[in-house]
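Novice: Pasted the sequence and its predicted model underneath.
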Amino acid sequence: MSQRDYANKGKPNRKKAPRRKKAANNQPAPANWLRIAPALIVVAGFAYLLYQISGSADDNPEKVTPIVAPTAKPKATKPVDELPPKPQETWEYTNELPSRSVEVDLPEKTEPGRPYQMQCGSFRNSDDAQSMRATIAFQGLEAEVRRTEGKNGVWYRVVLGPYTSKRQAERDRHKIQRAGINTCQIWFWN
């Protein structure tokens with residue numbers, strides 16, 4: 001059974017239905033004054049209501065006399081028992097920490113059995129490889145161009161290294177990435 005390519009399949013042809021004309025409306029549009037008149041009536045009624053309310057307030061409100069509470073003479077008060085003075089805090093660890101040392105068992109670093117290399121490009125043309133080598137040299141790193149012959153012809157590889165640890169190779173790769181070269185790969189040295 002053959003597979004069908006639905007992604008590249010065209011859209012089916014659809015017939016468009018004839019457009020119908022809308023029936024003409026023979027009634028004239030209502031005049032603008034028919035829309036504005038109810039709004040004016042509502043606003044006028046609201047204004048009249050406010051006018052009526054504002055006149056109904058009492059003109060002579062009763063005067064309210066404030067009630068004065070009798071004040072008692074302050075009695076001679078005893079001074080409140082004062083708290084004892086705050087004791088001085090003594091911290092022992094501030095004196096002990098400088099004299100102590102922490103012992104950490106670190107395993108000895110073992111050198112890897114194989115060194116690393118970083119390849120940043122592989123070109124058919126020697127000039128392209130030399131151009132990338134110059135860009136890397138502007139970053140303060142030294143690269144070399146190696147000519148290799150394979151099944152499909154001659155290649156010019158831009159290689160950095162050898163590195164004793166992968167961390168060193170990663171550090172140099174980040175420098176090169178800041179220059180805009182993102183094609184570098186880290187491998188074991190051949």
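Specialist: Thanks, I have the structure now. Since this is a predicted model, take the numbers as computed values, not measurements.

Novice: Starting from the one helix or strand residue 42 maps to, tell me the next helix or strand along the chain.
Specialist: When elements are defined using DSSP states H and E, residue 42 is found to belong to helix 32-54. Following helix 32-54 in sequence order, the next helix or strand is helix 93-96 (DSSP H and E).

Novice: For stretch 166-184, give me every contacting residue.
Specialist: Under the criterion Cβ atoms under 8 Å, 6 or more residues apart in numbering, residues 112, 116-121, 132, 135-136, 138-141, 160-161, 163, 186 lie in contact with stretch 166-184. No exception for glycine: its C-beta is placed from N, CA and C like everyone else's.

Novice: what's the spacing between the helix or strand encompassing residue 172 and its chain's center?
Specialist: Counting by DSSP H and E, the element that carries residue 172 is helix 166-178. Using Cα atoms, centre = their mean, to the nearest Å, we find the averaged C-alpha position of helix 166-178 to lie 27 Å away from the chain's own average C-alpha position.

Novice: How about stretch 135-145?
Specialist: For stretch 135-145, the distance between its averaged C-alpha position and the chain's averaged C-alpha position is 35 Å (Cα atoms, centre = their mean).

Novice: in that stretch, what counts as buried?
Specialist: Judged by neighbour count using 16 or more other Cβ atoms under 10 Å, the buried positions of stretch 135-145 are 135-136, 141, 143, 145.

Novice: Which residues does that stretch contact?
Specialist: Under the criterion Cβ under 8 Å, 6+ apart, external residues in contact with stretch 135-145 comprise 120, 126, 129-130, 132-133, 156-160, 172, 175-176, 178-181.

Novice: swap in stretch 93-112?
Specialist: For stretch 93-112, the surrounding residues in contact (Cβ under 8 Å, 6+ apart) are 164-166.

Novice: now with 6 Å?
Specialist: By Cβ atoms under 6 Å, 6 or more residues apart in numbering, no residue outside stretch 93-112 reaches it.

Novice: Just the CA atoms of that stretch, as PDB, please.
Specialist: Taking Å, rounded to 0.1, in the frame of the first residue of the first chain, the C-alpha atoms of stretch 93-112 are listed here in PDB:
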ATOM      1  CA  TYR A  93      31.800  30.500  68.200                       C
ATOM      2  CA  THR A  94      33.300  33.800  67.100                       C
ATOM      3  CA  ASN A  95      36.400  33.000  69.200                       C
ATOM      4  CA  GLU A  96      36.600  29.300  68.200                       C
ATOM      5  CA  LEU A  97      36.100  29.600  64.400                       C
ATOM      6  CA  PRO A  98      39.400  31.200  63.500                       C
ATOM      7  CA  SER A  99      41.300  28.500  65.300                       C
ATOM      8  CA  ARG A 100      39.500  25.600  63.700                       C
ATOM      9  CA  SER A 101      40.100  24.200  60.300                       C
ATOM     10  CA  VAL A 102      38.000  21.900  58.200                       C
ATOM     11  CA  GLU A 103      39.600  18.900  56.700                       C
ATOM     12  CA  VAL A 104      38.100  17.700  53.400                       C
ATOM     13  CA  ASP A 105      39.200  14.500  51.700                       C
ATOM     14  CA  LEU A 106      39.700  15.200  48.000                       C
ATOM     15  CA  PRO A 107      40.500  12.300  45.700                       C
ATOM     16  CA  GLU A 108      43.700  12.800  43.800                       C
ATOM     17  CA  LYS A 109      43.100  14.100  40.300                       C
ATOM     18  CA  THR A 110      44.000  11.500  37.800                       C
ATOM     19  CA  GLU A 111      45.200  12.500  34.400                       C
ATOM     20  CA  PRO A 112      43.000  11.100  31.600                       C
END
